[in-house]
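Engineer: Just to be clear, the model below is a prediction. Sequence and coordinates:
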Amino acid sequence: MNDNCVFMEQQEEPVVLIVDDTQIDIDILSFALSRKNFRISVAMNGLHALDMVGKVSPDIILLDIVMPEMDGFELCKILKDSAETKDIPVIFLTVKDETDDILMGYRSGAVDYVTKPFNSEELLARVCTHLELKKKRDTEQELISMLKTSLEERERAEEALQQAHDNLERLVQERTAELLIKNKQLMDEIEERKRVEASLESKSQKLEEFNTALKVLLEQRERDKDELEKWVLSNIKNLIIPNVEKLKRLSAKTKSSSYVNILEINLKDLTSSFSQRLSSRYINLTTKEIQVANLVKEGMTSKDISELMNVSERTIDFHRKNIRNKLGLNKKRNLRASLLNIS
């Protein structure tokens, strides 16, 4: 057999608690165990042993049965009932060799039973064996604990993964619902835009048609206006003025000749381009002011005009002043010269 057990080969120093009330037995055990470099602790009775267990945390206990105050069976039961000490292997080492005692020892929780006097080599072999068994149990228990922890962590990871999956699925469903709503809103907006564009296009087309029709009407209006003006001027020249000239010859020596002269002048002014320009450019001139402006342009004085129009000279001066103001002429500008420029 090797000098050291497997437990010792792992460079650990197992703690052996000897519980015995006989000093000579303690010495014999201590001497035998010292060959294996065990760390040895001693308790002389059961109560002392309970105190030592909490202090030194023994790896194995060699326990005598016959002791004062508390025997070995009772101490073993107490140790096995405690969660902190139930895994410490207990070997009974006693002079009691009756079968009932041996059975009682195993029932109380011991892993082995050695009777005194004992063989040192055999005792050491049993101690090493149970230390190795304890070591294996501890390793197995540690592996089981690690496996249990790993399984628990795996379960938690699976739960977290499932929860993350459920959250992701929920988010996907919510996002999908939002996208469907947004898509519907977008399609509605597109349809509405199409309707608006179609309506605007229709209105634009109608407006373009209206503008075209309006342009045609305006052009036709201008043509009608020109034709009307030509027709009126033609009638005045061809129908009215010849008769006025006949009337003028018939009333040459009568008082009504001045009125005939005024009528002739006004008709000629009506057909003249000067009157047309004056009335169109300065539309705010009154009819009387246009008549006075025509006579001034012909070189007549205010007195001549007043006699011709049968009004006072002061009235003619009033009209001349209004004409100057409406034409924007200052006092230095000659009225007749300005009117000739217009013609």
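Structural biologist: Done, it's in. Residues are numbered from 1 along each chain as shown.
Engineer: What's the biggest helix in this protein, counting residues?
Structural biologist: helix 120-235 (DSSP state H).
Engineer: Run the chain-centre distance for it.
Structural biologist: When distances are taken as C-alpha atoms, centre = their mean, to the nearest Å, helix 120-235 is centred 12 Å away from the chain's centroid.
Engineer: Mean confidence (pLDDT) on that helix, please.
Structural biologist: If you average the pLDDT over helix 120-235, you get 85.
Engineer: Ok, stretch 84-97 next?
Structural biologist: 95.
Engineer: Kindly check the end-to-end length of it for me.
Structural biologist: The first and final residues of stretch 84-97 sit 30 Å from each other (C-alpha to C-alpha, to the nearest Å).
Engineer: Mind listing what's buried along it?
Structural biologist: In terms of neighbour count (16 or more other C-beta atoms under 10 Å), stretch 84-97 has its buried residues at Thr85, Ile88, Pro89, Val90, Ile91, Phe92, Leu93, Thr94, Lys96. In this view, the C-beta of every residue, glycine as well, is placed from N, C-alpha and C.
Engineer: Columns distance to Glu197 on top of the residues you listed, output as a markdown table?
Structural biologist: Listed next are the buried residues of stretch 84-97 as a markdown table, based on distance: C-beta to C-beta, whole Å:
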| residue | distance to Glu197 |
| --- | --- |
| Thr85 | 91 |
| Ile88 | 92 |
| Pro89 | 94 |
| Val90 | 98 |
| Ile91 | 101 |
| Phe92 | 104 |
| Leu93 | 107 |
| Thr94 | 109 |
| Lys96 | 112 |
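Engineer: Could I get the residues you listed in TSV, plus columns for distance to Ser199 and secondary structure?
Structural biologist: Listed next are the buried residues of stretch 84-97 as TSV, based on distance: C-beta to C-beta, whole Å; DSSP: H, G, I helix; E, B strand; the rest coil:
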residue	distance to Ser199	secondary structure
Thr85	95	coil
Ile88	96	coil
Pro89	98	coil
Val90	101	strand
Ile91	105	strand
Phe92	108	strand
Leu93	111	strand
Thr94	113	strand
Lys96	115	coil
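Engineer: which one among those gets closest to Leu180?
Structural biologist: Relative to Leu180, the closest of the buried residues of stretch 84-97 is Thr85; by C-beta to C-beta it sits at 67.4 Å.
Engineer: follow-up on the earlier one: for the longest helix of the chain, packing partners?
Structural biologist: Identification of packing neighbours for helix 120-235 by 3 or more C-beta pairs under 8 Å, 6 or more residues apart in numbering; DSSP states H and E yields helix 6-9, helix 23-34, strand 60-63, strand 90-94, strand 112-115.
Engineer: Just give me the lowest mean pLDDT stretch among these.
Structural biologist: Of all these, helix 6-9 carries the lowest average pLDDT, namely a mean of 54.
Engineer: Following the chain onward from that helix, which element is next?
Structural biologist: strand 15-19 (DSSP states H and E).
Engineer: Need the contact partners of that next one.
Structural biologist: With contacts defined as C-beta atoms under 8 Å, 6 or more residues apart in numbering, strand 15-19 is touched by 26, 29-30, 33, 38-46, 48-49, 52-53, 56-64, 67, 72, 75, 127.
Engineer: let's see it at 6 Å
Structural biologist: Here strand 15-19 makes contact (C-beta atoms under 6 Å, 6 or more residues apart in numbering) with 26, 29, 33, 38-43, 49, 52, 56, 58-63.
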